[in-house]
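In: A predicted structure for the sequence below; I have some questions about it.
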Amino acid sequence: MAFLPVLSGHEVVQVFEHFGWHVARSHTHIIMTKPGHIATLAVPNHREVARGTLRSPIRSAGITVEEFIDAAKQV
């Protein structure tokens with residue numbers, strides 16, 4: 001099992017944007033959508049997003065933790 005890095009909500013949004021997701025609205029949580037994808041992603045708008053909390057939107061986005069980590073290194 002790969003260990004997720006500790007990222008801010010803004011950094012998590014940048015990683016998901018790399019996969020084609022777009023910010024639909026933002027407040028305490030950042031809601032992201034992707035054309036042709038049924039799910040929406042809710043990313044907490046915090047300085048640090050808990051690793052366990054981050055796994056749910058990764059799963060909903062249909063990507064693996066390893067793909068997310070590789071994209072996070074590029075952002």
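Out: Alright, I've got the coordinates. These figures come from a predicted structure and were not determined experimentally.
In: tell me the secondary structure at A72.
Out: helix (DSSP: H, G, I helix; E, B strand; the rest coil).
In: isn't it right up against F16?
Out: No - between A72 and F16 there is no contact under CB atoms under 8 Å: 10.1 Å. Where you see a C-beta, it was placed from the backbone N, CA and C, and this is true even at glycine.
In: who's more crowded, the two?
Out: Set A72 next to F16 and count neighbours by other CB atoms under 10 Å: F16 wins out with 23 against 16.
In: next one: phi and psi at that one?
Out: With angles defined as degrees, to the nearest 10, F16 sits at phi -70, psi -30.
In: how about it: what's its closest non-neighbour residue?
Out: Nearest non-adjacent residue to F16, counting by CB to CB, 6 or more residues apart in numbering: M32, 5.6 Å away.
In: next one: H37
Out: Leaving aside its chain neighbours, H37 sits nearest to G62 (7.6 Å; criterion: CB to CB, 6+ apart).
In: likewise R51?
Out: L4 (4.5 Å).
In: how near is T53 to P35?
Out: Separation of T53 from P35 (CB to CB, to the nearest Å) stands at 25 Å.
In: comparing the two, which residue is more hemmed in?
Out: More crowded of T53 and P35, by other CB under 10 Å: T53, with 15 against 7.
In: that one: which element?
Out: Using DSSP states H and E, T53 falls within helix 51-61.
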